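J.: Give me a model of this one.
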Amino acid sequence: MTRELTLDDLMLAGIALVAGILAAFLLRLLLRWLGRQADRTRWDGDDVIVSALRTLVPWAAVFGGASACTALLPLTKTVQHHTNQTLTVLLIFVVTVAAARLIAGMMRSVTQSRSGIASSATIFVNITRVLVLAIGFLVVLQTLGISIAPMLTALGVGGLAVALALQDTLANLFAGIHILASKTVQPGDYIKLSSGEEGYVEDINWRQTTVRNLSNNLVVIPNGELAKTNMTNYMRPEQELTILLQVGVAYDSDLDQVERVTNEVIAEVMKDVEGALPDHEPIVRFHTFGDSRIGFTVILGVGEFSDQYRIKSEFIKRLHRRYRKEGIRIPAPARTVALQQGAVVIPQQRGAENEPGDIHSARVD
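T.: A predicted model of the protein is given here:
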């Protein structure tokens, strides 16, 4: 000590420490009130900012009070140096955590508010958080007087060995970054892989992509496999899509009447069924003289991939009911069995080249 410790020193140091704690308490109350005000706004960024400040500001007030407390005490230079260094390291740690939370939260807020960006992908948020924490760790080492140059050199040399040992992990990491950067797949898209897996993309993290199928189960796909496989994205370039249904009517049908009735049913379904496109123009295209029917294609507009099943079901029910009402016949495949005296006739299923009423038989003596 440079001089003797007195009661006044203790009182002043205690007052400084209590003042720092009291300031931290009052600032926390103020930030809690600001948090309630931020909840009322539409922008999520103010919530992130207030949350980061609630981590940083109260602790900064406590460290400030502790620093003033040590400055008022008659400590030796060595003790004063180590105390200030400890408080500085703690403050850097709190600032680093708050900065990581702030930057990651702002990135998540921006990506969620814009379409075409990785709205719920955690890979960018996690990478940002790790980078900020790593920078904070290096600043702490520099503050403690530890040179970081040899450490960076060692990391550069050792990185080669780590890269060889973690080839699959790094491949999945960079594949995930490539997928998101190229915007071929984003969370919320409905995809189908050539291997058969399909569903909504829930998240893309540093290792894997999580897909939720229509049965509400999660399918986990490594990013490297997703980048290499053939894939259909039903949400891009547009979420709206068209579906094609094949229908057939009998040869004695009035095709003009069939087209008119079918268009009316399409318009009705597009207007009434949830998920359909009311502005979709009814489209009917005849294309085939089949074995027992004239085939045509009906094109329906769908707002989202999963809506097609409900729209198909409703369209088929209404079209069948309307055809029965209008007397339009939908022929079914027929099988004719003929019995002849002295012979056993083996019926065969009529193929595509046979006309209605043809009989195929084989005589067995």
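J.: show me where the stretch 201-350 of the chain has helices.
T.: Using DSSP state H, counting those that start in this stretch, the helices of the stretch 201-350 of the chain run over 223-228, 255-272, 308-326.
J.: Please apply the same query to the stretch 1-150 of the chain.
T.: For the stretch 1-150 of the chain, the helices defined by DSSP H, counting those that start in this stretch cover 7-39, 45-72, 77-113, 123-143, 149-165.
J.: Could I get the average pLDDT for the last one?
T.: Across helix 149-165, the average pLDDT comes to 61.
J.: Which one of the helices of the stretch 1-150 of the chain lies nearest to Val298?
T.: Nearest of those to Val298, taken as CB to CB: helix 77-113 at 38.1 Å. C-beta coordinates here come from the backbone N, C-alpha and C atoms, glycine included.
J.: quick one: contacts for the closest residue to Trp59 other than its chain neighbours?
T.: Spatially, and ignoring its direct neighbours in sequence, Trp59 is nearest to Val94 (4.6 Å; CB to CB, 6 or more residues apart in numbering). Contact analysis of Val94 by CB atoms under 8 Å, 6 or more residues apart in numbering lists Thr55, Leu56, Trp59, Ala60, Phe63.
J.: Read off the pLDDT value for Val94.
T.: The predicted local confidence for Val94 is 84.
J.: Quick check: the gap between Leu31 and Ala60.
T.: The gap separating Leu31 from Ala60 is 12 Å, by CB to CB, to the nearest Å.
J.: and if you look at Val140?
T.: 16 Å.
J.: Quick check on the residue nearest to the spatial centre of the chain: phi, psi?
T.: Geometric centre of the chain, nearest residue: Pro187, 2.1 Å, by CA atoms, centre = their mean. Per-residue torsions, Pro187: phi -50, psi 140 (degrees, to the nearest 10).
J.: do Pro74 as well
T.: phi -80, psi 70.
J.: Could I get the pLDDT score of it?
T.: pLDDT, Pro74: 76.
J.: what do you get for Ala175?
T.: Predicted confidence (pLDDT) for Ala175: 81.
J.: ditto for Ile311
T.: You'll see Ile311 listed with a pLDDT of 92.
J.: quick revisit: which of the contacts of Val94 lies closest to Ala332?
T.: Thr55 (70.9 Å).
J.: I'd assumed Ala100 was in contact with that closest one.
T.: No - counting by CB atoms under 8 Å, Thr55 sits too far from Ala100 to count as a contact (9.9 Å).
J.: More neighbours: which of these two?
T.: A count of neighbours by other CB atoms under 10 Å puts Ala100 above the other of Thr55 and Ala100, at 22 against 18.
J.: I'd like to know how far the more buried one sits from Gly45.
T.: Ala100 is 16 Å from Gly45, by CB to CB.
J.: Ok, Asp307 next?
T.: 34 Å.
J.: between those two, which one's more packed in?
T.: With neighbours defined as other CB under 10 Å, Asp307 and Gly45 compare such that Asp307 has more, 20 against 15.
J.: How about the more buried one, nearest residue that isn't a chain neighbour?
T.: Nearest residue to Asp307 in three dimensions, chain neighbours excluded: Gly275, at 2.9 Å (CB to CB, 6+ apart).
J.: is it true that the one you found touches Ser313?
T.: No - using CB under 8 Å, Gly275 is not in contact with Ser313; the gap is 11.5 Å.
J.: Between these two, tell me which one has more neighbours.
T.: Neighbour totals were compared for Gly275 and Ser313, and Gly275 leads with 16 against 11 (other CB under 10 Å).
J.: where's the closest residue to Leu244 other than its chain neighbours relative to Leu26, distance?
T.: Leaving aside its chain neighbours, Leu244 sits nearest to Thr297 (5.3 Å; criterion: CB to CB, 6+ apart). Here the criterion is CB to CB. By it, Thr297 lies 72 Å from Leu26.
J.: With Ile316 instead?
T.: Applying CB to CB, the value for Ile316 to Leu26 is 68 Å.
J.: One more: Thr232?
T.: Plainly put, Thr232 is 58 Å away from Leu26 if you go by CB to CB.
J.: Then Asp168?
T.: In this view, Asp168 and Leu26 are 52 Å apart by CB to CB.
J.: what number of residues lie near Leu73?
T.: 16.
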